[in-house]
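# Provided below are the primary sequence and the corresponding predicted coordinates.
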Amino acid sequence: MISPTELWRFLLPGYLFSILIETPVLLIGLSKRHPIKRRLWAGVWLTACTYPIVVLVLPLALSHFSRSFYLVVAETFAPVAECILFWLAYGEAEQFGKASMWRDFGVIVLANLASFLGGEVLNSYGWFGLFS
């Protein structure tokens, strides 16, 4: 089991890595009704809301389960929570159920998937060990 100290040590580099991958996806993909500043902010803000839970809370809460189970929970939690937060902050009643809403949600899921896959690639090469 990974120690809380190791999780805290990983938090900042992992967060920065995630926003470096997710922000361009959100910048390019979020619907045009969102100004550029909002799209940039979403890359920093959404990850800031979910990443500490994924990195600090869930590994300890799910330590008695397999890594696969943790990944399913964490990688479902993050995009779902981010879609909800984004809608609560920027959703408009007239956009509910429309293409722009689904586009935004799809792009948020895609951004999370991209950072997850990037993290898995780095992890497979042991590159995150550089931050220890």
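Nice, thanks for sending it over.
# make it CA atoms for all contacts and neighbour counts henceforth
Noted.
# for residue 100, give me its contacts.
If a contact means CA atoms under 8 Å, 6 or more residues apart in numbering, then residue 100 has residue 31 as its contacts.
# per-residue confidence for it?
The model reports residue 100 with a pLDDT of 94.
# pull out the buried positions in whichever helix or strand it is part of.
Counting by DSSP states H and E, the element that carries residue 100 is helix 99-124. The neighbour-count check on helix 99-124 (16 or more other CA atoms under 10 Å) flags 100-102, 104-116, 119 as buried.
# next one: stretch 67-86
Neighbour-count burial for stretch 67-86, counted by 16+ other CA under 10 Å, picks out 70, 71, 74, 75, 78, 79, 82, 83, 85, 86.
# what's the average pLDDT for that stretch?
Across stretch 67-86, pLDDT averages out at 96.
# mind checking how far that stretch is from the chain centre?
Once both centres are worked out by CA atoms, centre = their mean, to the nearest Å, stretch 67-86 turns out to sit 8 Å from its chain's centre.
# I'd like to know which elements the helix or strand hosting residue 51 is packed against.
If you go by DSSP H and E, residue 51 is part of helix 36-52. Helix 36-52 sits against helix 4-29, helix 67-90, with contacts defined as 3 or more CA pairs under 8 Å, 6 or more residues apart in numbering; DSSP states H and E.
# the first one to helix 36-52, inter-axis angle?
The one in question is helix 4-29. Direction vectors for helix 4-29 and helix 36-52, defined by axes from the mean of the first three to the mean of the last three CA atoms, to 10 degrees, enclose an angle of 150 degrees.
# so which other helices or strands are in contact with helix 4-29?
With contacts defined as 3+ CA pairs under 8 Å, 6+ apart, helix 4-29 has these neighbours: helix 36-52, helix 99-124.
# give me that answer again for 10 Å
When contacts are defined as 3 or more CA pairs under 10 Å, 6 or more residues apart in numbering; DSSP states H and E, helix 4-29 packs onto helix 36-52, helix 58-61, helix 99-124.
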